[in-house]
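Peer 1: model the structure of this input:
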Amino acid sequence: MTTRDELLEQWQDGLAEADRASERGVTWSDRLRIKLYRFLLSMYGQSTWPGEPSDVDNEQGRARSTLTVDKPPDHGLGKAPRTRAEILAGLRNVKGLSEELAPPGPLQQGLEPDSPVVVAANRKRAKIEPLVRHLRSLGVEPEVRFAGSLWQVFVPHRNAAYAAQEIAEFTPPPPPPMPVIELKCSRSSLSGVVLFGFIGSLLSVQFAALLVGEASNQSTATAWIAVVGTAAAVFDMLFLLCLYWDVQGYFAALKKCEQRERLEKEYG
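Peer 2: All right, here's what the predicted structure looks like:
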């Protein structure tokens, strides 16, 4: 058995070895050893050992020592150990408490016949509407709910298996055809614009020549002015009629654009 002096010598040697190792490179284990040996030497290195060096337990000089190195526990103190019956009673109480706090759930008891169950989900409402109509035609009353980013179809638990089979065999109808959008100017409007410009310029030139060359003859000038004004009014009416047709076509194409955007949003 190691004596006190031998133990102190081992601690001092360990501290010296740890110091030498730290000179090469300090690691966390070296720091731990240095702190441990310094603590042991500071606590027990200066204590006296009144007994003989061979008396490791210091039974002779323990009463006169200034530092208690070892103190055996006193026997017979503290609470008496619990009996087997007391331990079993405590375990039964814990078991009963846990059963009260955690009653059986739906996985053990099962779902009610009217409990809603999810059978289908999709991000677009238009893609589940045919499925909802199909289930209603079979006598199943589905319920549509929006949760998160999905439209979900719920059915009663009693019809869940039947609904799942019908959904697996269901073929959705094709989406409606996309409207063809054509934005173009009609030939009649183009012809009207060109004709109006040509006739307008021609009449303007003739009217200017009439005013310059025949200014003395007032009756002839008045007649020509009336003819030119009537022709200009007629061509203006034709031009406005062509423009009206083009505006109607533009609004019809705009309506088709809105319809196409709505179908693309619903059917993707």
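
Peer 1: tell me how far the closest residue to Leu111 other than its chain neighbours lies from Glu112.
Peer 2: Excluding its sequence neighbours, the residue lying closest to Leu111 (CB to CB, 6 or more residues apart in numbering) is His157, at 4.6 Å. No exception for glycine: its C-beta is placed from N, CA and C like everyone else's. Applying CB to CB, to the nearest Å, the value for His157 to Glu112 is 7 Å.

Peer 1: cool, and Ala161?
Peer 2: The value you get for Ala161 to Glu112, if CB to CB is used, is 15 Å.

Peer 1: same question, Arg125
Peer 2: 28 Å.

Peer 1: likewise for Asn93?
Peer 2: Per CB to CB, Asn93 is found 33 Å from Glu112.

Peer 1: number of residues surrounding Val144?
Peer 2: For Val144, the count of nearby residues is 14 (other CB atoms under 10 Å).

Peer 1: helix, strand, or coil at it?
Peer 2: Following DSSP: H, G, I helix; E, B strand; the rest coil, we place Val144 in the strand state.

Peer 1: who's it bridged to?
Peer 2: For Val144, the residues forming beta bridges with it (DSSP bridges) are Val153.

Peer 1: quick one: find the helix or strand in this structure with the lowest mean pLDDT.
Peer 2: Ranked by mean pLDDT, DSSP states H and E, the weakest helix or strand in the chain is helix 187-213, scoring a mean of 56.

Peer 1: pLDDT of stretch 256-265, averaged?
Peer 2: On average, the pLDDT along stretch 256-265 is 72.

Peer 1: doesn't Glu141 fall inside a strand?
Peer 2: No - with three-state DSSP as the criterion, Glu141 is coil rather than part of a strand.

Peer 1: hang on, it packs against Val155?
Peer 2: Yes - using CB atoms under 8 Å, Glu141 is in contact with Val155, at 7.5 Å.

Peer 1: flag the shaky bits of the chain, pLDDT-wise.
Peer 2: By pLDDT under 70, the low-scoring segments of the chain are 1-2, 46-78, 95-108, 175-247, 249-250, 263-268.

Peer 1: so for His157 and Glu112, which residue has more residues nearby?
Peer 2: Remark: of His157 and Glu112, His157 carries more neighbours, 15 against 11, as counted by other CB under 10 Å.

Peer 1: contact partners for the more buried one?
Peer 2: Neighbour list for His157: Leu111, Glu112, Pro113, Asp114, Ser115, Pro116, Val117 [criterion: CB atoms under 8 Å, 6 or more residues apart in numbering].

Peer 1: which residue sits closest to the fifth one, ignoring its sequence neighbours?
Peer 2: Closest residue to Ser115 apart from its sequence neighbours, by CB to CB, 6+ apart: His157 at 4.5 Å.

Peer 1: do the third one as well
Peer 2: With CB to CB, 6+ apart as the criterion, Pro113 has its nearest non-adjacent residue at 4.3 Å, and that residue is Arg158.
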